[in-house]
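**Student:** model this:
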Amino acid sequence: MPDPATDALSFEAALRRLEGIVERLESGELALEEALAVFEEGVGLSRGLGAQLESAERRVEQLLRDGTGTTTRPLGPEAE
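**Tutor:** Numbering: from 1, shown residues only. Next up, the predicted model:
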């Protein structure tokens, strides 16, 4: 289920929030119910960030297309 509170965050803000969640979970100091709630938020943020990255990748690929409909150079690790 989408969370309007986290959907409104910029990519960078959502990533910082997710990093904070990871730190809290790794600390081992949260009660079980709180840890589950924080983990759930983290999963939502992770999915949202993944969707934003996929969208950005599609936009980059569109920008790299030449007039024939093929990409002018590959996008990904093999491009390096």
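
**Student:** from what I can see residue 48 touches residue 14, true?
**Tutor:** Yes - counting by C-beta atoms under 8 Å, residue 48 does reach residue 14; the two are 6.2 Å apart. The C-beta positions use only the backbone N, C-alpha and C, and glycine is treated the same way.

**Student:** Check which helices and strands the helix or strand hosting residue 17 is in contact with.
**Tutor:** Element membership for residue 17 (DSSP states H and E) is helix 11-27. Packing partners of helix 11-27 (3 or more C-beta pairs under 8 Å, 6 or more residues apart in numbering; DSSP states H and E): helix 32-64.

**Student:** How about residues contacting the helix holding residue 17?
**Tutor:** With C-beta atoms under 8 Å, 6 or more residues apart in numbering as the test, helix 11-27 has contacts from 6, 9, 30, 35, 38-39, 41-42, 45-46, 48-49, 52.

**Student:** Quick check: buried residues in that helix?
**Tutor:** 14, 17-18, 21, 24 (16 or more other C-beta atoms under 10 Å).

**Student:** now swap in stretch 37-50 and tell me
**Tutor:** 38, 41-42, 44-45, 48-49.

**Student:** would JSON lines of the residues you listed with distance to residue 64 and pLDDT be doable?
**Tutor:** Compiled in JSON lines, the buried residues of stretch 37-50 are given as follows (distance: C-beta to C-beta, whole Å; pLDDT from 0 to 100):
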{"residue": "38", "distance to residue 64": "39", "pLDDT": "98"}
{"residue": "41", "distance to residue 64": "35", "pLDDT": "97"}
{"residue": "42", "distance to residue 64": "33", "pLDDT": "97"}
{"residue": "44", "distance to residue 64": "31", "pLDDT": "96"}
{"residue": "45", "distance to residue 64": "29", "pLDDT": "97"}
{"residue": "48", "distance to residue 64": "25", "pLDDT": "96"}
{"residue": "49", "distance to residue 64": "23", "pLDDT": "96"}
